[in-house]
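K.L.:
take a look and give me a structure for this.
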Amino acid sequence: MEECISVFDMLKIGVGPSSSHTLGPWRAAERFLNELRSENILEKIVKVKVDLYGSLSLTGVGHATDLAVMLGLSGQDPEYIPVQDIDGIIKKIKKDNQLLLANTIAVDFNPESEIIFNKNFLPFHANGLTFTAFFEDNSYESTFYSIGGGFVVKEERTTAKANEATKKAFPYPINFATELLNYCQSQNRKISEVVYDNEKSIRTETEIHNELLRVWNTMLECMYIGCHTEGILPGGLNVRRRAFDMHQNLIGLANYNSPQEWLETIRKTEVKFRQILKWVSCFALAVNEVNASLGRVVTAPTNGSSGVIPAVLMYYMVIENHQADENQIKQFLMVAGEIGSIFKKGATISAAMGGCQAEIGVSSAMAAGALCEVMGGSPEQVLVAAEIAMEHHLGLTCDPIGGLVQIPCIERNTMGAIKAINAAELALETDPKNAKVPLDKVVNTMWETAKDMNNKYKETSEGGLAVAVNMADC
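P.N.:
Modelled structure (predicted):
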């Protein structure tokens, strides 16, 4: 039974810099605490240890995996924690060598000895981590896998029954693009309308409305923060934030007092081709600079690729359609989420498994398809747009310098966004009957490419730019 994936599974709100290396381990720590509660042994713990394996170990420090597990074990929620509190919580744990487990029980915890980086890979998935709770006379151990996009599983897949129940609730179960297209054609409906009916089977219309707008407002605020924050990104590469300077040059002396007023102000700016390129790049840079600073972003479908979809949706709002409102926002996000779920089911959204094609490639395909629909594209053209976008990301490696989600990751979001817009425009000018490559073929090809790719190009920082550029040179 395939997973049943909601739009809100693909578009999660959380903290950067990585969905698989930060948000996933954070959620795994939460699940570990829940296991301890269910066993009624949480209060008996005297010590806890975390083992990181494979990709989580190799790039864990640069991706703040160690910080994420500490915050998760402390009972903090990545969706709601005030990001300005993170530094203080971590400093207190390191200073006191003590962790307030589940925000209630103080246990001895020295991060340098209790968080262990094991370079060997566990067989089930490249991103494995094991939590061990120690008691006076015994211990309890549990292993999780962060499989990309903030999704966390155990090898025994204990959520299978829940997934099956949800799938049965969906009036339109979808594993492949062909299935999605069949629903649209047989009922003469848009992709977003089919997705909406699926969402209504598990949530109220009010909940869907509110959550989609909360996702968008988080994206908008993230772009706003990134465009109004200057300085150097943390981590040691001394990367200067570029969105601030680029934004200043584009916006000029305009006055505004909120993200929404900012959006309206941009609508009044010059729209020559070079300015459009710069605006789209600026939006994407802004999001991923916030992500690199442990800021709050929307995982879409991952943190490392979180700038593509906001940048393309913002492009549509401020350049393409000044009358765009909540309806187009919701439509865009639902289409993007469904396309992302098809890639997750048929391939992967984990760079540790598939390289950056699994992150930037998928996000570009999601954005391209979504843009195509809100610009009037048919369901067939939407899938063509997604196919074009992914086709030109196939084989893209993941090789972050210093294990940081900065170089080349931040710039890649600008490229993914521009490619998405280009793909949507090409699809709108395409008769789908003449398309040679169906989306499902590209999904399968991406997965085969991922399996053939050398592991050193899969988020290990053991190949490509990660070894060609020395951190000391930065």
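K.L.:
from the centroid of the chain, which residue is nearest?
P.N.:
With distances taken as CA atoms, centre = their mean, the chain has Thr302 as the residue nearest its mean C-alpha position (1.7 Å).
K.L.:
now do the contacts for that residue.
P.N.:
Contact analysis of Thr302 by CB atoms under 8 Å, 6 or more residues apart in numbering lists 18-20, 148-150, 349-351, 359, 362-363. Yep, even glycine has a C-beta here, placed from its N, CA and C like the rest.
K.L.:
the residues you listed into a markdown table, with extra columns for pLDDT, distance to Thr59 and neighbour count?
P.N.:
Formatted as a markdown table, the contacts of Thr302 follow (pLDDT from 0 to 100; distance: CB to CB, whole Å; neighbours: other CB atoms under 10 Å):
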| residue | pLDDT | distance to Thr59 | neighbour count |
| --- | --- | --- | --- |
| Ser18 | 92 | 8 | 39 |
| Ser19 | 91 | 13 | 35 |
| Ser20 | 92 | 10 | 35 |
| Gly148 | 91 | 14 | 31 |
| Gly149 | 91 | 17 | 31 |
| Gly150 | 91 | 17 | 26 |
| Ile349 | 95 | 17 | 29 |
| Ser350 | 93 | 13 | 31 |
| Ala351 | 93 | 10 | 36 |
| Glu359 | 97 | 13 | 35 |
| Val362 | 98 | 19 | 35 |
| Ser363 | 98 | 19 | 35 |
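K.L.:
need those in TSV with secondary structure, can you?
P.N.:
Formatted as TSV, the contacts of Thr302 follow (DSSP: H, G, I helix; E, B strand; the rest coil):
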residue	secondary structure
Ser18	coil
Ser19	helix
Ser20	helix
Gly148	strand
Gly149	coil
Gly150	coil
Ile349	coil
Ser350	coil
Ala351	helix
Glu359	coil
Val362	helix
Ser363	helix
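K.L.:
from the residues you listed, which is closest to Trp26?
P.N.:
Gly150 (8.5 Å; CB to CB).
K.L.:
and the gap between the closest one and Gly304?
P.N.:
12 Å (CB to CB, to the nearest Å).
K.L.:
quick one on the thing from earlier: identify the farthest-apart pair in the contacts of Thr302.
P.N.:
Longest span within the contacts of Thr302, CB to CB: Ser18 and Val362, 14.9 Å.
K.L.:
give me the common contacts of Gly150 and Gly304.
P.N.:
Joint contacts of Gly150 and Gly304 (CB under 8 Å, 6+ apart) are Ser19.
K.L.:
which stretches in the stretch 51-200 of the chain count as strands?
P.N.:
Assigned by DSSP state E, counting those that start in this stretch, the stretch 51-200 of the chain shows strands spanning 98-101, 105-108, 115-118, 127-134, 139-148, 151-153.
K.L.:
relative to the third one, what are the paired strands and their orientations?
P.N.:
For strand 115-118, the pairing partners within the sheet under DSSP bridges are strand 47-54 (parallel).
K.L.:
ditto for the last one
P.N.:
When pairs are called by DSSP bridges, strand 151-153 turns out to pair with strand 139-148 (antiparallel).
K.L.:
quick one, the strand it pairs with and strand 127-134 angle?
P.N.:
160 degrees (axes from the mean of the first three to the mean of the last three CA atoms, to 10 degrees).
K.L.:
in strand 139-148, what's buried?
P.N.:
Residues 140, 143-148 are the ones in strand 139-148 that count as buried (16 or more other CB atoms under 10 Å).
K.L.:
contact partners for Asp51?
P.N.:
116, 118, 129-130, 132.
K.L.:
which non-adjacent residue is nearest it?
P.N.:
Leaving aside its chain neighbours, Asp51 sits nearest to Thr130 (4.4 Å; criterion: CB to CB, 6 or more residues apart in numbering).
K.L.:
what of Met246?
P.N.:
Per CB to CB, 6+ apart, closest to Met246 is Cys282, 4.6 Å.
K.L.:
pLDDT of stretch 27-46, averaged?
P.N.:
Average pLDDT, stretch 27-46: 95.
K.L.:
contacts for that stretch next, please.
P.N.:
With CB under 8 Å, 6+ apart, stretch 27-46 has contacts from 50, 68-69, 71-73, 75, 77-78, 101-102, 105, 107-108, 129, 131, 133-136, 140, 142, 144, 146, 150, 152.
K.L.:
ends of stretch 68-77, how far apart?
P.N.:
10 Å (CA to CA, to the nearest Å).
K.L.:
please spell out which residues along it are buried.
P.N.:
Buried residues in stretch 68-77 (16+ other CB under 10 Å): 68-76.
K.L.:
and those residues, which two are furthest apart?
P.N.:
Farthest pair in the buried residues of stretch 68-77, by CB to CB: Ala68 and Gly75, 13.2 Å.
K.L.:
let me know the secondary structure of Lys268.
P.N.:
Under three-state DSSP, Lys268 comes out as coil.
K.L.:
neighbours around the spatially closest residue to it that is not a sequence neighbour, how many?
P.N.:
The shortest distance from Lys268 to any non-neighbouring residue, by CB to CB, 6+ apart, is to Ala254 (7.9 Å). By other CB atoms under 10 Å, 13 other residues sit near Ala254.
K.L.:
residue contacts, Ala254?
P.N.:
265, 268-269.
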